[in-house]
Every structure is written in structure tokens, then in C-alpha cells.
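> Have a look at this prediction, sequence included:
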Amino acid sequence: MSGRHAAPSSSAEAPAAAEAPAPPMISVVSGDPSPEELAAVTAVLAALEAERAAEDAAQKEPQPVSGWELSRRGLRTPITVGPGQWGRHAG
């Protein structure tokens, strides 16, 4: 069967399964740090990255609001639920 409803062939799935894991982002080039030391360095670097991302997010300029959005207003009052509310309808 061909077309958009056809089952994926095994050759289409092969590249996804053959992907190798990404190389580590941090590598030790000298010394022999303990697992605790590596964890501490990783935590510091992650905190610095999170701080940088937060600063970048704070510096983004807000999106401009269109004239259509500025002029919109509610079409009717909100519906309130409770005893005696149906007696006030305009019909």
C-alpha cells in the first residue's frame, strides 16, 4: 500500500534506530576528579546556564499588540450562576 495511510517501511525506521548518542558536553582533560567533584562542577555550570537563560528571557521585548486586540471588549456580561438568576433574563 502506498500513500499517506501506508505503514512505514523498515528502511524508514532504520536511520532513527542507528543514531549514536551525543558526545558528552563536559570532558575532563587532566586530573582524576571524584564523582562528587564532577557533580559540583556540573551543578555550577547548570546554574550559570539557567541564569543566562533567565536574563535572555527578561531582555526579550514584548510583542506589539495589534489595534484589533486593543479595541476588543466583552460582548456581554459574564454569566452568573445561582438562585434567582433566570428571573433577570431579557427574554
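Perfect, I can see it now. Numbering: from 1, shown residues only.

> which residues sit against the lengthiest helix in the chain?
The longest helix of the chain (DSSP state H) is helix 35-59. Applying C-beta atoms under 8 Å, 6 or more residues apart in numbering, the external contacts of helix 35-59 come out as 26, 28, 33. Where you see a C-beta, it was placed from the backbone N, CA and C, and this is true even at glycine.

> which among those gets closest to residue 62?
Nearest to residue 62 among these: residue 26, at 35.4 Å, using C-beta to C-beta.

> check contacts around that closest one.
For residue 26, the contact set (C-beta under 8 Å, 6+ apart) comprises 41-42, 45.

> May I see these organised as TSV, with neighbour count, pLDDT and distance to residue 21 added?
Converted to TSV, those look like this (neighbours: other C-beta atoms under 10 Å; pLDDT from 0 to 100; distance: C-beta to C-beta, whole Å):
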residue	neighbour count	pLDDT	distance to residue 21
41	13	91	21
42	12	90	17
45	12	91	20
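
> where does this protein dip in pLDDT?
1-18, 24, 73-77, 86-91 (pLDDT under 70).

> For it, which segments count as helices?
Counting by DSSP H, the helices of the chain are 10-17, 35-59, 67-71.
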